Each structure stands twice: as C-alpha cells, then as structure tokens.
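**Student:** sequence and predicted structure are below.
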Amino acid sequence: MHHQEVAPPPALQDLIHCFWYDRFDFGPQPVQFDVPPDGYAEIIFYVGSPCRLATPTGWQPLPSPFLLGLLPHPAQLTTKDQFEIIGIRCFPWTVFDLLGLPSAPGNVLLGEHPIAQLQVPLTQYLQAGNVAAALAEAARYFGQPRSPLEDECLLGKAGRAMRDATGTLPVHQVAAAAHATVRTLERTFKQAAGHTVKDVSSLLRFEQVRNCLLLYPATNIARLAYALGYTDQSHLSREFKRYSGTTPAAFARKALNRGATIRPDCSTFIEP
C-alpha cells in the first residue's frame with residue numbers, strides 16, 4: 001500500500017481535514033477489506049477495478065465518487081487488481097454543506113453529483129502517475145468561492161472544541177465553547193451533520209482508542225479508559241466493540257501480529 005496525504009489550504013482547514021491518496025495491489029482474485037469507523041466523512045474517488053459495498057441484500061456496486069458518512073460499524077468492500085483512491089476527509093458537520101446536500105445519516109451515493117466532474121481529470125493524473133497533481137486538483141475544486149452559512153461560526157467553534165478534546169467533552173462544554181445554548185447547538189449540529197454531538201464525540205473518542213492500539217498494542221486498556229474519560233474499562237470495551245465488532249484486546253492482538261504495516265494516518269482502508 002502506498003499512502004500520501006496533504007493538508008488543505010488555510011481557507012479550508014475548518015471544513016476539510018485533509019486530502020489523501022492510497023494505492024493497493026490486490027492481485028487478480030477479489031479481496032474483501034474493512035473500512036473502520038472514525039470521526040470523519042469521506043468523499044471517495046477511485047480508479048481501477050469496480051468496487052462493491054456489502055449490504056444486507058448483497059454486494060452493491062459503488063460509483064466514483066461516493067460519500068462514506070459516519071459509520072456505526074466497519075463497512076466491508078470488495079475489489080481486485082490495482083485500486084487507487086483519492087479521498088477528501090471532511091468533518092461530518094461540514095461535508096453536506098460543502099456538497100450542497102441535505103444532511104443524512106449513512107452512505108450517500110454521489111455518481112450524479114456535480115463533483116463527479118473531477119473523475120476524468122483525477123483519473124488522467126493517476127494514470128500518468130502524478131498523485132500530487134490529482135490531490136491539488138481536488139483541493140482546487142473545494143477552493144472555489146462559496147457563501148458561508150450563518151451557522152458556520154458556531155459549528156466551527158464546536159468542532160474545534162470536540163477535536164481538541166478528542167471527543168471527551170460533554171455536550172454542555174461543547175456548547176459553552178461555541179457560545180451557544182445546548183439546545184441551539186444540538187439543533188444546529190444535527191441539521192448540519194445528520195448526527196448528534198454525542199454521536200460524533202463517541203466516534204472521535206473511539207478513533208483515539210483505535211489509533212493508540214494500532215501504534216501501541218501493549219497499551220494498558222484500563223489506563224487508556226481513564227485517560228480518555230470513559231467510566232471504566234468495561235465502558236471502553238462496550239463502546240469499542242460497538243464500533244469495531246471486536247474487543248480492544250482482540251484488536252490489539254491483531255495489530256501486534258500485523259507489526260508496523262498499518263499507521264493510524266492511513267487506516268481509512270485496512271487491508272485484509
């Protein structure tokens with residue numbers, strides 16, 4: 001796997017976390033792999049073999065681009081051969097405004113959206129091996145002039161507070177940081193993100209646990225629970241299993257077996 005990541009320009013830093021690229025060489029046989037939950041929404045362009053998403057009714061073909069919203073549990077995808085991705089990692093409270101879409105939980109397919117006009121130039125850049133130009137082209141699209149919403153200041157302050165505290169702030173403290181009442185914050189946030197402040201905070205905190213176990217599989221889970229504000233180790237374990245489908249201990253053992261092949265900064269897609 002080859003990973004590359006660039007920060008957004010200053011004007012986009014409260015809207016987009018980063019632009020990134022991954023390349024996988026899976027071989028000729030179809031391979032299934034997981035996309036773990038985290039605190040971001042991802043706009044995904046891909047080049048290569050068709051990609052499908054596991055659903056209760058079977059494998060659903062994914063267009064390019066597609067939007068991968070906040071996940072309640074790992075999503076399972078399948079593809080084969082060479083598979084290249086340009087991703088735009090957005091904050092969940094900004095992604096729908098960026099795309100001009102009504103907020104909604106779950107996955108939203110974007111094949112007919114105006115952003116799909118990026119598919120041709122991104123494909124051309126990737127086929128030419130020019131990853132830097134592809135990432136710059138994606139950033140250029142979102143750098144076009146736009147009219148800010150009245151709620152952006154409130155959401156920006158709330159989002160920064162949540163990110164700085166890695167999801168550990170209670171809702172009333174997030175509201176205080178945004179200079180808003182809890183009721184106003186909850187209403188505005190749910191309208192923008194399609195999820196509550198608590199939903200997103202829980203995922204941000206889970207992401208910290210996941211990243212810590214990826215980097216340091218021998219971490220003491222009880223101490224980690226205390227450091228991240230969980231009630232106790234059992235609380236952390238329940239939340240972790242809710243989002244990952246496995247226990248922290250089992251996840252840590254798997255991370256240890258993988259060694260240093262996965263870094264938290266490129267774990268949006270985890271190879272099998």
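**Tutor:** Alright, I've got the coordinates.
**Student:** please count neighbours and contacts with C-alpha atoms only from this point.
**Tutor:** Noted.
**Student:** what about Leu155, neighbour count?
**Tutor:** Residues lying near Leu155 (other CA atoms under 10 Å) number 23.
**Student:** what residues sit buried inside the one helix or strand it maps to?
**Tutor:** Assigned by DSSP states H and E, Leu155 falls within helix 152-164. Going by neighbour count (16 or more other CA atoms under 10 Å), the buried part of helix 152-164 is 152, 154-159, 161-163.
**Student:** which residues touch that helix?
**Tutor:** Residues outside helix 152-164 that contact it (CA atoms under 8 Å, 6 or more residues apart in numbering) are 14, 93, 168-169, 174-175, 177-180, 185, 188-189, 201, 204.
**Student:** report the angle between the top helix by length along the chain and helix 152-164.
**Tutor:** Assignment by DSSP state H gives helix 197-215 as the longest helix of the chain. Calculated by axes from the mean of the first three to the mean of the last three CA atoms, to 10 degrees, helix 197-215 forms an angle of 40 degrees with helix 152-164.
**Student:** Glu84 against Phe26, yeah?
**Tutor:** No. Counting by CA atoms under 8 Å, Glu84 does not reach Phe26; the two are 10.9 Å apart.
**Student:** backbone dihedrals for Glu84, please?
**Tutor:** Main-chain torsions, Glu84, degrees, to the nearest 10: phi -120, psi 140.
**Student:** ugh, wrong one, I meant Arg52
**Tutor:** Dihedral angles for Arg52 - degrees, to the nearest 10 - are phi -130, psi 150.
**Student:** next one: the one 5 residues further on
**Tutor:** Its backbone dihedrals place Thr57 at phi -100, psi 10, with angles given as degrees, to the nearest 10.
**Student:** can you check the one 4 residues further on too?
**Tutor:** Summarising the backbone geometry of Pro61 under the convention degrees, to the nearest 10, its torsions are phi -60, psi 140.
**Student:** burial of the closest residue to it other than its chain neighbours, as a residue count?
**Tutor:** Nearest residue to Pro61, sequence neighbours excluded (CA to CA, 6 or more residues apart in numbering): Arg52, at 4.3 Å. Counted with other CA under 10 Å, the neighbours of Arg52 add up to 17.
**Student:** any idea how far Arg52 is from Gly167?
**Tutor:** Distance of Arg52 to Gly167, computed by CA to CA, to the nearest Å: 31 Å.
**Student:** no further questions, thank you.
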